[in-house]
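Asker: all I have is the shape, not the residue letters:
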């Protein structure tokens, strides 16, 4: 049921909600990237009661004890502590590049923040407004949840942190001991797990539920039927043992559930948002756990597209792209990222109300392109979107894929799409002459969907608009002393013969070494933002940039010391 809304702003550009929290005083607190603000809505969502401006795009929000804890990331990652009542800012604390997912622990007077691109989690003392402790994670920590007993912080690593040609490739969930603030375990998820977005704890404290993509990268991308290429998964972790119990797929045999994004749970249900298929899943928690525990071969569950039959309900949302969700205890609040419609779902009655938060909303071609890029409606049976292999705003997923455009049995490492339109050809093998052609071929041969030229041009516009994230290796925006030394070595080794110019590529193809599949060799990729695109080389055999130089000696034709390699690595990672 659509309900009227009383807007207080005249700007009809997209709100782009990035986070949502429930306040005990009955407010819905939402962070809106499109307007760089926090917005407070009435409990029914029908009235905008207050807005608090921010100086950078917000990435996450939490509310506790009359305070709003909001993370932002522009050129710097920060945690802001503000009064809920009037928006007064008490502190703005720099935590690290890519700050997101604030987790308050006010019994200890702390807030924990994931610094996605710094690969750390920060502990912030609320009273002193200072970062008191920091722990290093594996790769791109993006969400976190505290165990019921307060002893451990579980953190999702967005992407795999390893070489891509291994037998098991997956992202991990890291466990931090709060007392020592050390990472005590990394829990490897099912093979192919990537884009691990969110986590929640069961109310009884026994389980952690983690939602993520599950890529079937070991087979050629010849079809989509029955989850052949990508599925959406919910992993179950035993809190007591810090062990993965198994993984449940949320798709059905003839109907994908792409774009799995957020997860919440209460005593009765697990709630999951599917941003690509514009719906939520409501899973009866106790029945699922009982069925899961009773299954003898749990490893088979991650391939069973019928496991949730009879214990899960799929509910279509109004609008496009439900991402962050919030459970108030009585209602589930689900804003849509690409439509600015707030869905309010009552789990008891099954009633769904929808409120248009931005009447007259307008979109640019770039906005439309981002929407189409993330929309699994542009895919056969809704199995995936472009985001499925290029999560994190068109970047890489850390996996190898055996695409059909250059033969079978020759998987290649997934490439970031940043600067793809200005650094032709596309694909590591250079099989596509331009990114424009690659976009259209991707929809046709990967999504099995015929996209209109008008919509494809919007996707081009979106990809062209992508900007690099400043390297976390920079110091105050400048090269470190080690990186400056590495720059000298870079030029001494004549790395700039191939990786020169503004994009650090000469746009040529080269035969490198003996392992050559094509006569023309491999495409020379841009090195801009390469700190973010591991693993490296055509088949992802190098887990880190240092391995590129130290193990594989790429571009190195003289004796070089370990110290020089470390400096060279520092420079390249700073680009």
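Answerer: Okay, I see it. This is a predicted model, so every value here is computed, not measured.
Asker: quick check: residue 39 touching residue 48?
Answerer: Yes. Applying Cβ atoms under 8 Å, one finds residue 39 in contact with residue 48, separated by 6.1 Å. Yep, even glycine has a C-beta here, placed from its N, CA and C like the rest.
Asker: neighbour count winner among those two?
Answerer: residue 39 (22 against 18; other Cβ atoms under 10 Å).
Asker: just the strands in the stretch 151-300 of the chain please.
Answerer: In the stretch 151-300 of the chain, the segments counted as strands under DSSP state E, counting those that start in this stretch are 152-157, 172-177, 182-188, 193-201, 207-215, 230-238, 243-249, 260-265, 269-274, 279-284.
Asker: make JSON lines out of these and add distance to residue 61, mean neighbour count and mean pLDDT.
Answerer: Formatted as JSON lines, the strands of the stretch 151-300 of the chain follow (distance: least, Cβ to Cβ, whole Å; neighbours: other Cβ atoms under 10 Å; pLDDT from 0 to 100):
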{"stretch": "strand 152-157", "distance to residue 61": "18", "mean neighbour count": "25", "mean pLDDT": "98"}
{"stretch": "strand 172-177", "distance to residue 61": "21", "mean neighbour count": "22", "mean pLDDT": "98"}
{"stretch": "strand 182-188", "distance to residue 61": "25", "mean neighbour count": "16", "mean pLDDT": "98"}
{"stretch": "strand 193-201", "distance to residue 61": "14", "mean neighbour count": "25", "mean pLDDT": "98"}
{"stretch": "strand 207-215", "distance to residue 61": "19", "mean neighbour count": "26", "mean pLDDT": "98"}
{"stretch": "strand 230-238", "distance to residue 61": "24", "mean neighbour count": "24", "mean pLDDT": "98"}
{"stretch": "strand 243-249", "distance to residue 61": "28", "mean neighbour count": "20", "mean pLDDT": "98"}
{"stretch": "strand 260-265", "distance to residue 61": "13", "mean neighbour count": "23", "mean pLDDT": "98"}
{"stretch": "strand 269-274", "distance to residue 61": "16", "mean neighbour count": "26", "mean pLDDT": "98"}
{"stretch": "strand 279-284", "distance to residue 61": "20", "mean neighbour count": "21", "mean pLDDT": "98"}
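Asker: is it possible to export the ones you listed to a markdown table including distance to residue 557?
Answerer: Formatted as a markdown table, the strands of the stretch 151-300 of the chain follow (distance: least, Cβ to Cβ, whole Å):
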| stretch | distance to residue 557 |
| --- | --- |
| strand 152-157 | 36 |
| strand 172-177 | 37 |
| strand 182-188 | 37 |
| strand 193-201 | 35 |
| strand 207-215 | 36 |
| strand 230-238 | 41 |
| strand 243-249 | 44 |
| strand 260-265 | 46 |
| strand 269-274 | 50 |
| strand 279-284 | 55 |
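Asker: all strands of the stretch 1-150 of the chain, in order?
Answerer: Taking DSSP E, counting those that start in this stretch as the test, the strands found in the stretch 1-150 of the chain are 2-3, 17-22, 28-32, 37-41, 48-53, 58-64, 67-73, 77-83, 89-94, 99-105, 110-115, 120-125, 130-136, 141-146.
Asker: repeat that for the stretch 351-500 of the chain.
Answerer: Under DSSP E, counting those that start in this stretch, the stretch 351-500 of the chain gives strands at 352-356, 400-401, 412-413.
Asker: how far is the second one from where the chain is centred?
Answerer: Chain-centre distance of strand 400-401: 18 Å, with Cα atoms, centre = their mean, to the nearest Å.
Asker: that strand packs against which elements?
Answerer: strand 412-413 (3 or more Cβ pairs under 8 Å, 6 or more residues apart in numbering; DSSP states H and E).
Asker: got it, and the first one?
Answerer: When contacts are defined as 3+ Cβ pairs under 8 Å, 6+ apart, strand 352-356 packs onto strand 2-3, strand 341-345.
Asker: quick check: buried residues in that strand?
Answerer: The neighbour-count check on strand 352-356 (16 or more other Cβ atoms under 10 Å) flags 352, 353, 354, 355, 356 as buried.
Asker: now swap in stretch 289-308 and tell me
Answerer: Buried residues in stretch 289-308, counted by 16+ other Cβ under 10 Å: 289, 291, 292, 298, 301, 302, 305, 307, 308.
Asker: among the residues you listed, name the least confidently predicted one.
Answerer: pLDDT is lowest at residue 298 among the buried residues of stretch 289-308; the value there is 92.
Asker: give me the distance between that one and residue 357.
Answerer: 42 Å (Cβ to Cβ, to the nearest Å).
Asker: for residue 375, same thing?
Answerer: 20 Å.
Asker: kindly report the same for residue 244.
Answerer: As for residue 244, its distance to residue 357 is 38 Å (criterion: Cβ to Cβ).
Asker: now do residue 414
Answerer: Counting by Cβ to Cβ, the gap from residue 414 to residue 357 is 35 Å.
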